[in-house]
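Student: coordinates only, sequence not included:
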């Protein structure tokens, strides 16, 4: 029997692209004007107020007479997201089709590589080896922040050395805010470098009226959805475990909500709802206990619970504790190594407010150590290392024992915990993300070719067939608002949290009681690349709901399914 | 865009079957005679020495004149494995095509359901809802053992009540050993019930000269392989973590070995090798430290390590400790609740041998508690709850710090751990497992139809195209040998461990140094159902190697790939 590895075959997949991008498009000022946060203008005197751009099919080839080659630099910033390599491939293909002598340079290991002038020319051989693959390993990534004048001057020196016409920054909200700052700086000092951003993040929180989804979210949700579905099937088959599944995602709970819509678990905790109703961890545990007891009475001593990683930041007491700990740890950084491990908890508690100290000391020891010992490169508490799922299980066991003593609970409770994050961030992109990213890359190139700067590449109309997608350029400053950061007001791209009045959450709220009471599990299975388009090319249920499509409405379309 | 859920569409997939099974086959005595463990014969006077059977294409329809309907019972025994539902669908379809008035009954929640006469007729509606789906939830499973005369009498009473002609037991080595005991009992007392077994287990340890693979192993390895590949891509992209990935599987390391062959990690620990060379946990950690240091010197402070869950049972000290603990816990079961949690470790240590006690008290506290508090339904230490991966990381950190002090190590070591088990056991079966299981089910029915008992259904020649697969019946007693169980010799089906002189391990051994030193990662990606057969229908690398096929030899075949 013939035999071939999917990762090899997948390199030959041709992403689907909007009809508009099949040849060099015209970049036009859109007639759609959007509301604007005027307060941002003071921070961006040179680039504020740019118009929205739309890419349109180009029917004549005359408009671009004698084009000259374009040199572009690209970098990946922040955490991995499926499809990053395809953004780069899209940038490359558009540049080369515009002018074969154009060059693309990749900065190695993120913004840090730009500042250190660590760079690699991305030739066709390199690009072809990474088409449709997961990961960021083609050029790597890091979390260096480009935000100071010196950084910009260094970056520009490097860009000049390479004779770059444009720099494309692929990153999340912060990285794109920094792209806007660099674009502003260039415009202000009269440097012709064009700066374009691309919306990346598995968390799904870089979205707004203009950006329908950040790339990688679709694939990640599908990988986690596959695993949750498998675990739920196990749970239902063996009927003896409660599975508590934590999903990656700082702050926003979009991933958890999408996974809940995909898999219909018995419980899904959405941080934004917890915050909106100012619920404590005790409240969460008490509600969980209600569901465990109710299911047990119906003969079901099993179930599934989804927990967003960012929950810790939304539980008021925990948020306060983390903020205080970050401060205490920073102020005492030079002394901490002198404190014995057995003393560290009391040492830190002594420096916290009374409320936080008593909460801190009431936590399971392992967790208190996690909070105090493990820090990220910025010296902050590493939220992803906090085992909130273990804490919830520990508290829930106690609550159930309390109810058992009162005669309110007679079941068996056996819990297993899981954390999915690294399992999805570098997955091969789904067809959707492969095509979306590739289209984003092409769009970014066309914006740069047309001479624009200070824009985010966007592709819209994403619930439709890719041929109907609409590429656009969104002024970075248009997505900003003012936020207090380290005591000062700053203009930043607004992080989008789950809107508890939005269609996806409302759908969840409408169905969750039914999901809690019985067995409504869905088993999404693995991402498919080759099958019927109705299975392989669709994007998230979140986007379907935001576009007034019912996830229960399956349509088989007219294609042959087997 | 049309939209459809994979789990719904997948119900309509038609498994591929051997040409032989396309119509009612003849069941013939095979001319291949196999060596036999004569010592087993004393335990199976009535059924020992049955011949091997082969299913052959039936060219004439005359042989089965006037068939009458057959009533068959089926049950699932033990842990979930992908494809269980397809075995049942295969049994059903074969019975119905033999005679439309045949009936299939499913015992609910495993052998326990048989003894309690909890049963459900499996009609076409039921079967169709579960075709090609994961899980065992159609009828459930448990771990009740059928091994005593009273159990057999109860089972026969239930079988008579349902007018069963045959009982098909889908399970692992122990469940099939029990199937053999029941078949022997029937023959001995002259009961006409036919008993047929099917080889199930994700661990892959139910295989031998006649059974090429147990079902579920292929799918599970592929699900874990997808996740390991994704994590390795993340590891290589961010270049800052060592990932320690534990994989489910009591005893045998087949799953870990197959996953290593699929993903080419930096290190994979194979329990059977550890045991063969009598290595201690300290030896393992020291070798790991060598790899970490070597990679660090080459600028790679990242890597991947696969750890089989069953390792704990192969490390001599740990095995001894677990055996002693099981004994101590059993002997003191009635007193344990009187011991305070803070005292339990010392209490238990006081009852262990000196060697085990000092090892027990040297373990990280959390782990010592796991060993002492969590037990399975038989009162034994729950191996799957033992966080051997955490223990290894803790020990490795210490070892690296020691080397750092000696100036032998200058790197950064940051470790993340994962455990994959429940993520794979109930996955939708791969095309391979869907077809293999369905064919096993049909084979089981045909063996029963032809009047045989005491056989395991088998399908062989599995690296070839399904149309060329060869269905067979293997006498259950042929696979047995004598083992000491609870102090007495028993005839049981031999568990197959990784053969460190077999082709799969030799391939691994040949390449592992190269995998340790650089970046040879493979990224298998998710299981595909619809694409080219070369991608979707192949089985494991283990089977390829056992059949002298090189996993590096990719052939694209003649089909159109896109």
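Tutor: Cool, the structure landed. The shown structure was predicted, so the numbers you read here are calculated from the model rather than taken from an experiment.
Student: for residue A:484, helix, strand, or coil?
Tutor: strand (DSSP: H, G, I helix; E, B strand; the rest coil).
Student: cool, and residue A:474?
Tutor: strand.
Student: Next one: it relative to chain B, how far apart?
Tutor: Residue A:474 sits at a distance of 24 Å from chain B (criterion: CB to the nearest CB, to the nearest Å). Where C-beta positions appear, they are placed from N, C-alpha and C, glycine not excepted.
Student: partner residues bridging that residue?
Tutor: residue A:456 (DSSP bridges).
Student: who touches it in this structure?
Tutor: A:52, A:53, A:210, A:211, A:455, A:456, A:458 (CB atoms under 8 Å, 6 or more residues apart in numbering or on different chains).
Student: Which residue comes closest to the residue of the stretch 51-200 of chain A found nearest chain B once chain neighbours are left out?
Tutor: In the stretch 51-200 of chain A, the residue that lies nearest chain B is residue A:135 (3.7 Å; CB to the nearest CB). Once flanking residues are discounted, residue A:135 sits nearest to residue B:233: 3.7 Å by CB to CB, 6 or more residues apart in numbering or on different chains.
Student: helix or strand for the one you found, which one?
Tutor: helix B:217-238 (DSSP states H and E).
Student: cool, and residue A:94?
Tutor: helix A:84-98.
Student: now stretch A:306-323: mean pLDDT?
Tutor: Averaging pLDDT along stretch A:306-323 gives 89.
Student: Quickly check: that stretch near chain B or not.
Tutor: No. Using CB under 8 Å from any CB of the partner chain, stretch A:306-323 never reaches chain B; the gap is at least 13.7 Å.
Student: Figure out the length between the terminal residues of that stretch.
Tutor: Chord length of stretch A:306-323, first to last residue, is 25 Å (CA to CA, to the nearest Å).
Student: dump the residue contacts of the nearest residue to residue A:458 once chain neighbours are set aside.
Tutor: Nearest residue to residue A:458 in three dimensions, chain neighbours excluded: residue A:472, at 4.5 Å (CB to CB, 6+ apart). Residue A:472 is in contact with A:30, A:52, A:53, A:54, A:55, A:210, A:443, A:458, A:459, A:460, counting by CB under 8 Å, 6+ apart.
Student: Buried subset of the contacts of residue A:474, written for ChimeraX?
Tutor: Of the contacts of residue A:474, the buried ones go into a single ChimeraX selection, burial set by 16 or more other CB atoms under 10 Å in any protein chain shown:
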select /A:52,53,210,211,455,456,458
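Student: Pick out whichever of the contacts of residue A:474 sits closest to residue A:8.
Tutor: Nearest to residue A:8 out of the contacts of residue A:474 is residue A:458 (CB to CB; 32.2 Å).
Student: Now do whichever helix or strand comes after the helix holding residue B:233 and helix B:217-238, the angle between them.
Tutor: Scanning forward in sequence from helix B:217-238 by DSSP H and E, the next helix or strand is strand B:242-247. Angle of strand B:242-247 versus helix B:217-238, following axes from the mean of the first three to the mean of the last three CA atoms, to 10 degrees, is 170 degrees.
Student: can you list contacts of strand B:242-247?
Tutor: A:422, B:224, B:227-228, B:231-232, B:234-235, B:255-256, B:259, B:265, B:292, B:301-309, B:388-389, B:392-393, B:413-421.
Student: In terms of helices and strands, where is the nearest residue to residue A:547 once chain neighbours are set aside?
Tutor: In space, residue A:547 comes closest to residue A:463 once its chain neighbours are excluded; the distance is 4.6 Å by CB to CB, 6+ apart. Using DSSP H and E, residue A:463 maps to neither a helix nor a strand.
Student: Pull the number of nearby residues for residue A:463.
Tutor: For residue A:463, the neighbour count with other CB atoms under 10 Å in any protein chain shown is 19.
Student: pLDDT value on it, please?
Tutor: Listed pLDDT for residue A:463 reads 93.
Student: same question, the one 10 residues further on
Tutor: Residue A:473 is assigned a predicted lDDT (pLDDT) of 97.
Student: wait, what's in contact with the nearest residue to it once chain neighbours are set aside?
Tutor: What sits nearest to residue A:473 in space, not counting adjacent residues and going by CB to CB, 6+ apart, is residue A:53, at 3.4 Å. Going by CB under 8 Å, 6+ apart, residue A:53 touches A:27, A:28, A:29, A:30, A:447, A:452, A:455, A:472, A:473, A:474.
Student: for residue A:544, same thing?
Tutor: Counted by CB under 8 Å, 6+ apart, residue A:544 has contacts A:463, A:538, A:550, A:551, B:3.
Student: mind checking the SS state of it?
Tutor: helix.
Student: Give me the pLDDT value at it.
Tutor: 95.
Student: now do residue A:556
Tutor: Note on residue A:556: pLDDT of 60.
Student: quick one: which helix or strand includes the closest residue to chain B within the stretch 301-450 of chain A?
Tutor: Nearest to chain B, among the residues of the stretch 301-450 of chain A, is residue A:426, at 3.7 Å (CB to the nearest CB). Following DSSP H and E, there is no helix or strand that holds residue A:426.
Student: And for residue A:317?
Tutor: helix A:316-331.
Student: Quick one: list the elements packing against that helix.
Tutor: helix A:311-314, helix A:341-349, helix A:354-362, helix A:365-373 (3 or more CB pairs under 8 Å, 6 or more residues apart in numbering or on different chains; DSSP states H and E).
Student: possible to save those as TSV with mean neighbour count?
Tutor: Converted to TSV, the helices and strands packed on helix A:316-331 look like this (neighbours: other CB atoms under 10 Å in any protein chain shown):
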stretch	mean neighbour count
helix A:311-314	23
helix A:341-349	14
helix A:354-362	15
helix A:365-373	17
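Student: weakest of those in terms of mean pLDDT?
Tutor: Across these, helix A:365-373 has the smallest mean pLDDT, namely a mean of 79.
Student: do that one and chain B meet at all?
Tutor: Yes. Interface with chain B: helix A:365-373 contributes residue A:366 (CB under 8 Å from any CB).
Student: Please narrow the contacts of strand B:242-247 to those residing in strands.
Tutor: Counted as lying in strands by DSSP state E, out of those, are B:303, B:304, B:305, B:306, B:307, B:308, B:415, B:416, B:417, B:418, B:419, B:420.
Student: List, out of those, those positioned next to chain A.
Tutor: Restricting the ones in strands among the contacts of strand B:242-247 to those near chain A - CB under 8 Å from any CB - leaves B:416, B:418.
Student: Which phi and psi values does residue A:402 adopt?
Tutor: phi -60, psi -50 (degrees, to the nearest 10).
Student: And it, how close does it get to residue A:318?
Tutor: Distance, residue A:402 to residue A:318, using CB to CB, to the nearest Å: 22 Å.
Student: out of the two, which sits in the more crowded spot?
Tutor: Ranked by neighbour count (other CB under 10 Å), residue A:402 and residue A:318 place residue A:318 first, with 23 against 12.
Student: The more buried one contacts residue A:324, correct?
Tutor: No. Between residue A:318 and residue A:324 there is no contact under CB atoms under 8 Å: 10.8 Å.
Student: which helices and strands does the helix or strand bottoming out on mean pLDDT in chain A pack with?
Tutor: Lowest mean confidence among the helices and strands of chain A (mean pLDDT, DSSP states H and E): helix A:365-373, at a mean of 79. When contacts are defined as 3+ CB pairs under 8 Å, 6+ apart, helix A:365-373 sits against helix A:316-331, helix A:341-349, helix A:354-362, helix A:388-405.
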